[in-house]
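[1] after the sequence you'll find the predicted model.
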Amino acid sequence: QVLLIESGGGLVQAGGSLRLSCVASGQSFTRYHMGWFRQSPGQEREFLGIITTSGGLTHYADSLNGRFTISRDNAKNTVYLQMNILKVDDTAVYYCAAGVAAGLTAATYDYWGQGTQVTVSS
């Protein structure tokens, strides 16, 4: 069992930046690839990116156009999502997820955080 807790969400103006954190507890953090997703009301959960167990590889959704960066600190059991040049359309609940398998879909992941709200104002 892995417990994931996100933090760092909030209200930001368009063009600004936020860094989300996700702290894991329970089973060994380094067993898991970590993904970030987001979901807006009435929309499906959207894949944003993934970082592999060691942090050596990352992959992002093309739609982000390089604005978001994922990193992890295995000594702190924490994964981060740095979001830059935020847009109103980035408004959503953001989730981190842990998976033994690396994947680009929500179904791949075994554990989920509770989510943190990000609101971008114009």
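    Here it is on my side, so go on.
[2] not counting sequence-adjacent ones, nearest residue to residue 74?
    residue 30 (5.3 Å; C-beta to C-beta, 6 or more residues apart in numbering). Every C-beta, even on glycine, is put in place using the N, C-alpha and C of the backbone.
[3] contacting residues around that neighbour?
    Applying C-beta atoms under 8 Å, 6 or more residues apart in numbering, we find residue 30 in contact with 53, 54, 74.
[4] ok, those vs residue 98, which is closest?
    residue 53 (10.1 Å; C-beta to C-beta).
[5] what residues are bridge-paired with residue 99?
    Taking DSSP bridges as the rule, residue 99 bridges to residue 33.
[6] could you measure from it over to residue 84?
    Distance, residue 99 to residue 84, using C-beta to C-beta, to the nearest Å: 25 Å.
[7] the more surrounded of the two?
    Ranked by neighbour count (other C-beta atoms under 10 Å), residue 99 and residue 84 place residue 99 first, with 21 against 14.
[8] which residues of the chain fall in strands?
    For the chain, applying DSSP state E gives strands covering 2-7, 10-13, 18-26, 33-39, 46-51, 58-60, 68-73, 78-83, 92-99, 111-112, 116-121.
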